[in-house]
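# have a look; sequence and predicted model below, questions after that.
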Amino acid sequence: MNVMKYLKFCAWALALPMLFVACDDDDNPGNGGEETEFRAERGIYVFNTGNEGYSINGSLTFIDLAGNCFFNDVFKDANGRELGSTVQDGVVLGENLYIAVSGSNTVEVVDKHTAASIAQICPTTEQGSQPRDIVTDGEYVYVSMFDGYVSRINPATNTIDNTVQVGPNPEEMAVVGDYLYVVNSDGLNYTGGYAGGFSVSKIRLDDFTEEGKIGVGMNPTKLVGHAASGQLFVGCMGDYMENPASLWVIDTATGTATDLGEPVTLMCLSGNTLYTIYNNWSGRENMLYVAYDVLTHAVADEAFIPVLASQQDSEFEYNRVDNPAGIVVNPDDGHIFVTSYVDDPANAYALPSYVYEYDTDGMVQRSFDVGVGAVNMLVLD
């Protein structure tokens, strides 16, 4: 850490108590305060998965960056019904927001500004089940189905018009060039060593068929694509025991996959920077927040969000979230948003999550209380 950055951290640490006292219900109100009507224009959509085991449905939160407030349960408030079980992800195409709801086996289509329902897509058995990840190439919307398929949604009709079989338990996807890529995790086959989960499927967009598979590490789950350089970055989770998580990179021009040997559990791209988080579930002081240069794969920042210790109590550490579950960067100002479960081992997955907003120096600016199980985010601009 350079000296100037360290001094800024020290100044921020001294101001920390004032920061959180200032951010009360009047200055950073939930649900926009009593006088604010919800309308999403510029901000962050948060997809809260809920908890099926506790019969807690998923929900949709919107963080209004311009208004310095946030709105919970915006889908329910707009439509008078729950979003559904196990909300996973969302993507915007045109004026519509498409939301993958895995447990309810639906894709909800809503107005991106009001969250009012436009359509509910219910896949047939032949089209796959349990929607997981959802992306767009600007023409169609694509959704990975956990039972081994990827389906294409035609936005003109909001119906599924094509489906392709891939590997077992596909997760995240990315569009690079004329292809759609999806990781095959085989995540349910943990007792079998994820035997079918060492690949990324390559799907031609023109005829929506699988051209082939690219071999990667064990249990690939995370995937982001850098279109300008034609690279894919793959987060392979391993088996959470003897085989550690690792970051892989694929050159889509050659199909060559390389293990970079860096631990990762979450990641996102912003420009030419890959932001990664490694959560080893042994305390926030041991988590890694490493940023890489996409073009060289070199470390650009070894701690883009540092952990800070209190000057009064060295045992008290802050600035990092308790248990990160998602990350996104706002391209307008470079601010980083990280979702987290609360620090309550017995009840964390049944209690509301929260989101920290960090500035470009990695110092927390605001905190937002969101729904249960906040797992993914989407920047709306």
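Received it, and whenever you're ready, just let me know what you need.
# SS state for residue 76?
helix (DSSP: H, G, I helix; E, B strand; the rest coil).
# residues near it, how many?
15 (other C-beta atoms under 10 Å). Where C-beta positions appear, they are placed from N, C-alpha and C, glycine not excepted.
# C-alpha coordinates for stretch 174-193, CSV please?
Below are the C-alpha coordinates for stretch 174-193, written out as CSV (Å, rounded to 0.1, in the frame of the first residue of the first chain):
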residue,chain,number,x,y,z
ALA,A,174,-20.7,-14.8,-21.1
VAL,A,175,-21.0,-13.6,-24.7
VAL,A,176,-17.7,-13.1,-26.6
GLY,A,177,-17.7,-12.5,-30.4
ASP,A,178,-20.2,-14.9,-32.1
TYR,A,179,-20.4,-17.3,-29.2
LEU,A,180,-22.1,-17.9,-26.0
TYR,A,181,-20.0,-19.6,-23.3
VAL,A,182,-21.4,-21.4,-20.2
VAL,A,183,-19.6,-23.2,-17.4
ASN,A,184,-20.6,-26.8,-16.6
SER,A,185,-20.2,-27.2,-12.8
ASP,A,186,-21.6,-30.7,-12.2
GLY,A,187,-22.2,-29.1,-8.9
LEU,A,188,-24.6,-31.7,-7.6
ASN,A,189,-22.1,-34.5,-8.2
TYR,A,190,-19.8,-33.6,-5.3
THR,A,191,-19.6,-37.2,-4.1
GLY,A,192,-18.4,-38.2,-7.6
GLY,A,193,-15.7,-35.6,-7.7
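# in the protein, which helix or strand is least confident?
helix 3-22 (a mean of 36; mean pLDDT, DSSP states H and E).
# where does the prediction get shaky in the protein?
1-29, 31-35, 314-315 (pLDDT under 70).
# can you give me the end-to-end span of stretch 256-270?
Length of stretch 256-270, first residue to last, C-alpha to C-alpha, to the nearest Å: 23 Å.
# on that earlier part again, can you list the strands that the helix or strand following the least confident helix or strand of the chain pairs with?
Toward the C-terminus, helix 3-22 is succeeded by strand 43-48 as the next helix or strand (DSSP states H and E). Pairing partners of strand 43-48, with direction, according to DSSP bridges: strand 59-64 (antiparallel), strand 374-380 (antiparallel).
# okay, now residue 126: neighbour count?
9.
# which helix or which strand is home to the residue located most distally from the centre of the chain?
Distance from the C-alpha centroid of the chain peaks at residue 312, with 35.1 Å (C-alpha atoms, centre = their mean). Counting by DSSP H and E, no helix or strand carries residue 312.
# point out the most buried one among the strands paired with strand 43-48.
Neighbour counts (mean count of other C-beta atoms under 10 Å) averaged over each of the strands paired with strand 43-48 peak at strand 59-64, with a mean of 25.
# please put the alpha-carbon coordinates of that one into CSV.
Below are the C-alpha coordinates for strand 59-64, written out as CSV (Å, rounded to 0.1, in the frame of the first residue of the first chain):
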residue,chain,number,x,y,z
SER,A,59,-37.0,-10.5,-3.6
LEU,A,60,-35.8,-7.5,-5.6
THR,A,61,-34.1,-4.5,-4.1
PHE,A,62,-33.2,-1.2,-5.8
ILE,A,63,-30.4,1.1,-4.5
ASP,A,64,-31.1,4.6,-5.9
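# who's in contact with it?
32, 38, 40-48, 50, 70-76, 82-83, 87, 90, 99, 115, 337, 355, 357, 368, 370-372, 374, 380 (C-beta atoms under 8 Å, 6 or more residues apart in numbering).
# repeat that with 6 Å
Under the contact criterion C-beta atoms under 6 Å, 6 or more residues apart in numbering, strand 59-64 has outside partners 40, 43-46, 48, 70-75, 83, 368, 370-371.
# that older thread, out of the strands paired with strand 43-48, the one nearest residue 265 is which?
Of all the strands paired with strand 43-48, strand 374-380 sits nearest to residue 265, with 12.3 Å by C-beta to C-beta.
# report the buried residues of the longest strand seen in the chain.
Longest strand in the chain, counting residues (DSSP state E): strand 364-372. Buried residues in strand 364-372, defined by neighbour count with 16 or more other C-beta atoms under 10 Å: 364, 366, 367, 368, 370, 371, 372.
# quick check, the fourth one in contact with residue 355.
Yes: with contact defined as C-beta atoms under 6 Å, residue 368 and residue 355 form a contacting pair (4.5 Å).
# which residues does stretch 360-380 contact?
With C-beta under 6 Å, 6+ apart as the criterion, stretch 360-380 contacts 8, 12, 23, 40, 43-51, 56, 59, 61, 63, 70, 89-90, 304-306, 319, 325-326, 328, 330, 334, 337, 339, 352-359.
# can you select the buried ones from those in ChimeraX?
Those of the contacts of stretch 360-380 that count as buried under 16+ other C-beta under 10 Å are selected in ChimeraX with:
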select :8,12,23,40,43,44,45,46,47,48,49,50,51,56,59,61,63,70,89,90,304,305,306,319,325,326,328,330,337,339,352,353,354,355,356,357,358
